[in-house]
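S.K.: quick one, fold the following:
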Amino acid sequence: MNKVSTGLDIFREEYWKKLKGYRLGLLCNQATLDSQLTPAKEIISQLLPGQLKALFGPQHGYGGEDQDNMVETDHTSDRELKIPIFSLYSKDREPLPEMLDLIDVLIIDLQDVGTRVYTFASTMLNCLKVAAGSGKKILILDRPNPLGGKIVEGNLLQPELYSFVGPFSFPMRHGLTMAEMARMFNQLLEIESDLDIVPMKGWIRDMVWYDTGLKWLMPSPNMPLPETAFVYPGQVIWEGTNLSEGRGTYRPFEIFGAPFLDTTLIRQKILPEATAGCHLGEISFRPTFQKWEGDLCKGFMIHVLDHRTYCPYFTTIALLKAVIETHGEHFQWKEPPYEYEYEKMPIDLILGDSGLRDKIETGEDLLKIKKGWLSELESFIELRRPYLLYK
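M.R.: Numbering: from 1, shown residues only. As a prediction, the model looks like this:
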């Protein structure tokens, strides 16, 4: 039996009656299933026949079919229900007035992965803003943060680097659920949207995905396993470089490397403290698409041994520093654009602080850098406290 009931489970059991008579929209994707693996679309259309008027999809599409950043999804329609499916990752990344004209309530049910750069939070924020301006209600069906809700890690995003991969001053690993983020956005950004939430039952903050009893349903094409989510707060950094982050392999983000990488030298340079809770297994791979497509790459696969002591962000920053020191003549930062930002460096948008890139490049002591995050994280923990929903 599952230890955790998702917001969709609670909606199915009891909340749905509150929505009788309302025209409904649903922002979801292929991972939006209840604990019995029934899609949200099916649940809502059966409980409230004829009331579901539009579907909305985030980045990667309503069916999770589209790869990578800035790969836009077209609008389409649902053959069974004969209603439109609007893409919120196309020419526009927010619902347009004519889309919201069809509905009274927008239900948002998306599985986040607990990392600041994952774009579902930005899509939710855009929906909150537009709904507030159009008088539409937002209903969040909450889901677990797979990394847990207790541990936070990293520097806070600087406001000058706000983007679609970082809409608010969160650390890279923020320890929030989607509903908790929505509460913070609504209050701290003074959106004042008509927001309601169906919280989970049974989830507590120190639970990681394996503790929930829920099935993992990949929320995006390169997030196939819970293990992917555990490494993602650090391994997403490679998107801002010329190293492969493992796209085009069977274990994206867990695997990374490049043809020029000397794994022996990297091992010699990385801080022992940086590999706490994980093991770096040497690996060779040929990406089937994206960076270094078809080329033989040398690199590592990160095996998480203890997800409570492993610090993914710090680990990958240490690896990044070692790569730069070892292969400075081959290593490159990725040039813009990145997630619709055409001037700022992708690595700065990912790290959230251009000064951090400078510190890594100039070889500043990593433990000193990590210590510098502590006061920021303490402030963030206090800031988020009033918006938490779970023990």
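S.K.: is it true that residue 284 touches residue 297?
M.R.: Yes: Residue 284 is in contact with residue 297 according to Cβ atoms under 8 Å; the separation is 6.8 Å. (Each C-beta comes from the backbone N, C-alpha and C, glycine too.)
S.K.: all the strands of the stretch 51-200 of the chain, residue numbers only.
M.R.: Ranges of strands in the stretch 51-200 of the chain, per DSSP state E, counting those that start in this stretch, are 52-57, 76-78, 83-87, 105-108, 137-141, 194-198.
S.K.: now stretch 305-320: average pLDDT?
M.R.: Per-residue pLDDT values over stretch 305-320 give a mean of 96.
S.K.: for stretch 59-74, same thing?
M.R.: 80.
S.K.: I'd like the strands of the stretch 51-200 of the chain as CSV, with distance to residue 68 and mean neighbour count appended.
M.R.: As requested, the strands of the stretch 51-200 of the chain are exported to CSV (distance: least, Cβ to Cβ, whole Å; neighbours: other Cβ atoms under 10 Å):
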stretch, distance to residue 68, mean neighbour count
strand 52-57, 16, 23
strand 76-78, 20, 14
strand 83-87, 15, 20
strand 105-108, 23, 25
strand 137-141, 27, 24
strand 194-198, 31, 18
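S.K.: can you put these in CSV and add distance to residue 311?
M.R.: Compiled in CSV, those are given as follows (distance: least, Cβ to Cβ, whole Å):
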stretch, distance to residue 311
strand 52-57, 33
strand 76-78, 41
strand 83-87, 36
strand 105-108, 30
strand 137-141, 29
strand 194-198, 30
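S.K.: which residues of this structure fall in helices?
M.R.: Remark: helices assigned in the chain by DSSP state H are 7-13, 40-47, 97-100, 120-134, 178-188, 209-212, 226-235, 263-269, 312-326, 346-351, 354-361, 366-372, 374-384.
S.K.: okay, now the domains of the chain?
M.R.: Using automatic domain parsing, the domain parsing of the chain gives 7-221+383-387, 226-352.
S.K.: does residue 65 touch residue 220 like I think?
M.R.: No: counting by Cβ under 8 Å, residue 65 stays clear of residue 220, with 10.2 Å between them.
S.K.: which of the two has more residues huddled nearby?
M.R.: Counted by other Cβ atoms under 10 Å, residue 65 and residue 220 do not tie: residue 220 has more neighbours, with 24 against 13.
S.K.: residue contacts, the residue lying closest to residue 338 once chain neighbours are set aside?
M.R.: Leaving aside its sequence neighbours, residue 338 sits nearest to residue 346 (Cβ to Cβ, 6 or more residues apart in numbering; 3.5 Å). Residue 346 is in contact with 239-240, 333-336, 338-339, counting by Cβ atoms under 8 Å, 6 or more residues apart in numbering.
S.K.: sorry, back to before: which one of residue 284 and residue 297 has more residues nearby?
M.R.: Neighbours per residue (other Cβ under 10 Å) separate residue 284 from residue 297, with residue 297 holding more: 23 against 12.
S.K.: so how far is residue 216 from the nearest residue to that one once chain neighbours are set aside?
M.R.: Leaving aside its sequence neighbours, residue 297 sits nearest to residue 257 (Cβ to Cβ, 6+ apart; 4.3 Å). Applying Cβ to Cβ, to the nearest Å, the value for residue 257 to residue 216 is 25 Å.
S.K.: got a list of what the residue most central in space within the chain touches?
M.R.: The residue lying closest to the centre of the chain (Cα atoms, centre = their mean) is residue 118, at 2.6 Å. Neighbouring residues of residue 118 by Cβ under 8 Å, 6+ apart: 112, 232.
S.K.: returning to what we had before: among the helices of the chain, which is nearest residue 22?
M.R.: Closest to residue 22 of the helices of the chain is helix 40-47 (Cβ to Cβ; 11.0 Å).
S.K.: that closest one: how far from the chain's middle?
M.R.: The gap between where helix 40-47 is centred and where its chain is centred comes out at 26 Å by Cα atoms, centre = their mean, to the nearest Å.
S.K.: state the mean pLDDT of that helix.
M.R.: 97.
S.K.: list the helices and strands it packs on?
M.R.: Contacts defined by 3 or more Cβ pairs under 8 Å, 6 or more residues apart in numbering; DSSP states H and E place helix 40-47 against helix 7-13, strand 24-27, strand 52-57.
S.K.: and these: which comes nearest residue 111?
M.R.: Closest approach to residue 111 among the helices and strands packed on helix 40-47 (Cβ to Cβ): helix 7-13, 10.3 Å.
S.K.: what comes up buried for that closest one?
M.R.: 7-12 (16 or more other Cβ atoms under 10 Å).
S.K.: again with stretch 136-154
M.R.: 136-149, 151-154.
S.K.: circling back: dump the residue contacts of the residue nearest to residue 297.
M.R.: Residues near residue 257 by Cβ under 8 Å, 6+ apart: 243-244, 263, 283, 285, 297-300.
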